[in-house]
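**Student:** Model the following, please.
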Amino acid sequence: MLKFHWKIWQFSPPAIVLFIILAVKFLRTQCNASEITYSEPTSDFIMLSDSASYADGTILLHLRGGENMTETFNDKIISIRLVFPNGTITALDVNTTLIPNYNDTFTTTYALSENNIFITYITDTETRIGNKSAIISDWSGNIVYGPIILTESNVYKEGLVLNTNPTKGFLWAQGFEKNVKWFQFTSPDEKGHINQINNDSISLGANMNLNVFHLFPTVDENYGVALTARNTRKVTYSEDNSTIPLQPEWYTFVSLVYPEVEHTSQPLLIYQTSTNLKSLEICDCGSHYDSSGYTCILLGQENKGNTTLSAFMKVSFYSSGSINTIEQFNIEGDGNKTINQSWIYKIRPMYYGGYVTINLNLTNKSILGLIYNRNGTFRQYWSLPDNMPLDEFVSQGVLPNNTLWLAYHHLISSETWTLISTPLPRLMVDDLGFENPNIVNVEPSGKKIDIMATDRINITYQYPLALSTANISIYQYRDGANDLLRQTFSSRSDLCTLINNTFTISCQVFPTTFNRWNTSYYVLVDNNFVKTSGVNEPLYGIKRHRWNITTKAETSDNTYADSTMALVRLTPEGTRQFNALPSPGKTEFVKQLQYQLAETIPIESSRLKATNRHQADGKSNNQRLLQFQVRSTKDLDELNVKDIIFAANGLIMNKKMTALANYNLTNLLDEQFGFQQIPNLWYEIRYKLAIASGFLFLLFISYLIARRKNKEANNIVIFRFALAIVDLVFDTLFIIENSRDVPWLYTPRKWNKVASAFTILASSNVEVLKILSSQLFGFDMFSAPFTAKTEVWIFWGSTVNILIEDVPQLLIQILYLRSTVSYSIIPLSTLIVTSVVLLNNIISKTFDFVIKNQKMMVMANGILIDGEDEDEDEDEDDSNEF
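**Tutor:** As a prediction, this is how the structure comes out:
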């Protein structure tokens, strides 16, 4: 057999990175295998202590020195080797002198997330050896977290399992004589730090002692603990085993752990036997991709003279505790090769269906592998060459890509270890590339989709379905690490329904979800999105970047749309936070909101500009309205203004199911208000202007008729009267509809009704009284004479009215205009009418003042002339007399 050896003559702690790229794949009879043989820089005997693997296929090997430890392998370091998928090896050492009271007894390493290694060990104090502690090391050998004390016990039975959802952390447990204690931790953060979330224990009966336990993740992102226990009451067997006692001696339990609700189910009995076994081990336990429920593979060993017989038992069960099947799993091959049951070392489930057994023959130092279908039918052999220089300890595992790996240290060359990997066959039916054989069809799939015609997605399973609690999510692909969430919801939302005799789940897609042409998206289906009908077992979903969807290139004209203004409204909580900020804080709040909203649409942040104008919405408990400018673009590949408004409105209206809920500020937007474009006033008032023009025309006709009847009458009073009525109407409408839009302009609180009434009364025009003496249309009712004193009072009253009503009213309208973000037809009309009334009153008063002065001068001149005439007459009389 051809081998490659890499010798290392220098070793520089804490780590050395060796770039070793696999250049050869070895063709074998049954499979293709890849092999690395690695020689450590020591003449001492080394051995593999434990191993683990990461989700990306990186393999972690923990090495220990022999009895005569050298400078390279000793109790002052924890030696770890990382073998990456491309064949690169990183050698790293964790310096244990930095760990207080470290004892290398029972040191165990576990693979967490990328760049993090969880290491447990025993602490050794002057008084006792006992605390089980842990640290986290990075891939450079640096201790980034810990130490922390896990339990005050040096019991070596322990285990760790990652959650099905990596973001939800992991479970570590330790087994004792009568119970198993578990601890849930968060996933390491960017610094490698973790936090304990909660802990609990699983207790056995009084007459049972724990043998082994096995941790496994459940489909619904919780955990399971399988354990075997032995009856402590003495069970008597006959010498020839002809009499079998009825009382079971061995038990297998499963307990389900729900850390988020701090609940652990009572141990569920799934198997028991009264067979006289030496031990009952758990080879594997967990859920499988090609079925519903859970399966445990048990290994029972029985002594027969000098021979140890082994038998596998496969127990399938549901999370309720009910048993599906119990059947013996016979390891026999096809009869062409001799298989000694005592050789059986491990049995592993394969990710794509079936099992692989690892049979270790210590007589000729060889490994024989057998591959079985899930139902226990022999499929084929997987083997390595005979006479391999291996020891009894063999590290092994199956990677998510269905690759089996084996690592072992050599007996002949004591400083050497070898890693072999080989792909395993995929025994399950076509999984459509989703790594989930339970799914038989999805829509849309394959062809590029038209974003204007895609409003539903469908998933068909091979089982009748029931709705569950987990989510389905649609992402816009960007770089794989910062993909943009477009929509997320559970199957129990109003968007999903079961069709096709409940084999298919059909869900509505928002029009804003696939909102960009020629863009890549993918659908993520969480585990437990649906369950099997009847037994209610959660089913696996679809991982990221498996169900990929691409939209077509644009088929319609992307028309240009001019820039415009739009409004959003904060929730009551958002309003409270916003109002509590100082002015600079409000500016920063709106700026960050602008960035978050642009990010989720998605558009460049420059296309959405905060104007920093805001007002209270008097129609909705004074919730804050914020104004934004939506800027146009001439790039027809980008969303136009109309599309931006449509997308933003849809996202906000469905905030809880979009990425807006994930941001601290966009989550404060009111989904009932959405993203509303400020109407173009011209389009709003153009028809009303036609009505106003008709009204003016009628007034002009009335004026002509009145003038024709009586030219001497004060016919212009028609316009003044109409203007006063219109002013009163719009003042009233403004108070009712808009007075609360600017709270600091709306001062009345307790007496608001009384104040509003006086405000309306104050808006009445004293000049209207002149209609009573205008002689309009020659009617007697308009011919009431006013005394000179009354006319003086009317004149000065209307003059004062300009100062106390018209001018303040105009100022209020101007301040309102400058303080609001949405200007509607009522404030605009009120502003126009107020301005006209003020201008009319000023001109009218000026004209009246000038005319009155002229009359007074004429009257004065007339009196003077009359006096002169009388003097002349008297002079004439005197002269005549003379």
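**Student:** Count the neighbours of Lys278 for me.
**Tutor:** 11 (other Cβ atoms under 10 Å). No exception for glycine: its C-beta is placed from N, CA and C like everyone else's.
**Student:** quick one: the closest residue to it other than its chain neighbours from Ser287, how far?
**Tutor:** In space, and not counting its chain neighbours, Lys278 is closest to Gln301: 4.9 Å by Cβ to Cβ, 6 or more residues apart in numbering. Distance of Gln301 to Ser287, given as Cβ to Cβ, to the nearest Å: 26 Å.
**Student:** Looking at the two, which is more packed in?
**Tutor:** Taking other Cβ under 10 Å, Gln301 and Ser287 do not tie; Ser287 has more neighbours (23 against 16).
**Student:** what sits opposite that one in the beta ladder?
**Tutor:** Tyr294 (DSSP bridges).
**Student:** what comes into contact with stretch 396-406?
**Tutor:** 51-53, 55, 57, 59, 346, 348-352, 356, 358, 367, 369, 382, 384, 394-395, 407, 419-424, 426 (Cβ atoms under 8 Å, 6 or more residues apart in numbering).
**Student:** can I assume the residue nearest to Lys278 is in contact with Thr307?
**Tutor:** No - contact criterion Cβ atoms under 8 Å: Gln301 and Thr307 do not qualify, at 10.6 Å.
**Student:** Name the surrounding residues that touch stretch 324-334.
**Tutor:** For stretch 324-334, using Cβ under 8 Å, 6+ apart, the contacting residues are 271, 293, 297, 310-318, 339, 341, 344, 347, 355, 357, 359, 370, 372, 376, 378, 381.
**Student:** Quote the end-to-end distance of it.
**Tutor:** 28 Å (Cα to Cα, to the nearest Å).
**Student:** How about stretch 487-497?
**Tutor:** Termini of stretch 487-497 sit 17 Å apart (Cα to Cα).
**Student:** ok, residues contacting it?
**Tutor:** Outside stretch 487-497, the residues touching it (Cβ under 8 Å, 6+ apart) are 467-474, 505-510, 513, 529-530, 654, 657-658.
**Student:** Restricted to buried residues, select those residues in ChimeraX.
**Tutor:** To isolate the buried ones among the contacts of stretch 487-497 in ChimeraX, judged by 16 or more other Cβ atoms under 10 Å, type:
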select :467,468,470,471,472,473,474,505,506,507,508,509,510,513,529,530,654,657,658
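**Student:** what residues are up against the most centrally placed residue in the chain?
**Tutor:** Taking Cα atoms, centre = their mean, the centroid of the chain lies closest to Asn662, which sits 5.2 Å from it. Taking Cβ under 8 Å, 6+ apart, we find Asn662 in contact with Leu485.
**Student:** Report the separation between it and Thr488.
**Tutor:** 9 Å.
**Student:** Give me the distance between Val509 and Thr120.
**Tutor:** 47 Å.
**Student:** And Ser493, by the same measure?
**Tutor:** Counting by Cβ to Cβ, the gap from Ser493 to Thr120 is 42 Å.
**Student:** and if you look at Thr252?
**Tutor:** 26 Å.
**Student:** Which one of these two is surrounded by more residues?
**Tutor:** Each of Thr252 and Thr120 has its neighbours counted (other Cβ under 10 Å); Thr252 has more, 26 against 21.
**Student:** Now name the helix or strand holding the closest residue to that one other than its chain neighbours.
**Tutor:** Nearest residue to Thr252, sequence neighbours excluded (Cβ to Cβ, 6+ apart): Tyr271, at 4.0 Å. In this structure, Tyr271 sits in strand 268-273 according to DSSP states H and E.
**Student:** Please apply the same query to Gln380.
**Tutor:** Going by DSSP H and E, Gln380 is in strand 378-383.
**Student:** tell me what that strand is packed against?
**Tutor:** Applying 3 or more Cβ pairs under 8 Å, 6 or more residues apart in numbering; DSSP states H and E, one finds that strand 378-383 contacts strand 366-372.
**Student:** Neighbouring strands of the strand it packs on in the sheet, and parallel or not?
**Tutor:** Paired strands of strand 366-372, with direction, are strand 355-361 (antiparallel), strand 378-383 (antiparallel) (DSSP bridges).
**Student:** Just the buried residues of the shortest one, please?
**Tutor:** Applying a neighbour-count criterion of 16+ other Cβ under 10 Å, one finds Arg379, Gln380, Tyr381, Trp382, Ser383 buried in strand 378-383.
**Student:** Off-centre distance for it?
**Tutor:** Between the centre of strand 378-383 and the centre of its chain there are 44 Å (Cα atoms, centre = their mean, to the nearest Å).
**Student:** Give the next helix or strand downstream of that strand.
**Tutor:** Next along from strand 378-383, by DSSP H and E: strand 395-398.
**Student:** Give me the average confidence score over that following strand.
**Tutor:** Taken as a whole, strand 395-398 has an average pLDDT of 84.
**Student:** Output it in PDB, but only the C-alpha positions, please.
**Tutor:** Taking Å, rounded to 0.1, in the frame of the first residue of the first chain, the C-alpha atoms of strand 395-398 are listed here in PDB:
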ATOM      1  CA  SER A 395     -11.400   7.300  16.100                       C
ATOM      2  CA  GLN A 396     -14.200   7.400  13.500                       C
ATOM      3  CA  GLY A 397     -17.200   9.400  12.400                       C
ATOM      4  CA  VAL A 398     -19.500  10.200   9.500                       C
END
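**Student:** Please identify the buried residues of that strand?
**Tutor:** Ser395, Gln396, Gly397, Val398.
**Student:** what about the closest residue to the last one other than its chain neighbours, which SS state?
**Tutor:** If the residues on either side of it in the chain are set aside, Val398 comes closest to Arg348, at 5.0 Å by Cβ to Cβ, 6+ apart. On the three-state scheme (DSSP: H, G, I helix; E, B strand; the rest coil), Arg348 is labelled strand.
**Student:** just checking, Cys285 touches Val254?
**Tutor:** Yes - at 7.3 Å, Cys285 counts as touching Val254 under the criterion of Cβ under 8 Å.
**Student:** Report the set of residues contacting both of those two.
**Tutor:** Gly224, Ala226, Tyr294, Cys296.
**Student:** can you count the residues close to the first one?
**Tutor:** In this case it means Gly224. Neighbour tally, Gly224, other Cβ under 10 Å: 23.
**Student:** Phe329 now?
**Tutor:** There are 18 residues near Phe329, going by other Cβ under 10 Å.
**Student:** quick one: pLDDT of it?
**Tutor:** pLDDT, Phe329: 78.
**Student:** Could you give the bridge partners of it?
**Tutor:** Bridge pairing for Phe329 - DSSP bridges - gives Phe312.
**Student:** From Gly376, how far off is it?
**Tutor:** Taking Cβ to Cβ, one finds Phe329 at 5 Å from Gly376.
**Student:** any shared contact partners between the two?
**Tutor:** Counting by Cβ under 8 Å, 6+ apart, the residues touching both Phe329 and Gly376 are Lys314.
**Student:** mind checking pLDDT for Leu698?
**Tutor:** 82.
**Student:** does it sit in a helix, a strand or a coil?
**Tutor:** helix.
**Student:** distance of it from Asn710?
**Tutor:** When Leu698 is compared with Asn710 (using Cβ to Cβ), they lie 19 Å apart.
**Student:** Same check on Asn853?
**Tutor:** Distance from Asn853 to Asn710, by Cβ to Cβ: 27 Å.
**Student:** picking up where we left off before, select only the buried ones of the contacts of stretch 324-334 in ChimeraX?
**Tutor:** Buried subset of the contacts of stretch 324-334, written as a ChimeraX selection, criterion 16+ other Cβ under 10 Å:
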select :271,293,297,310,311,312,313,314,315,316,317,318,339,341,344,347,355,357,359,370,372,376,381
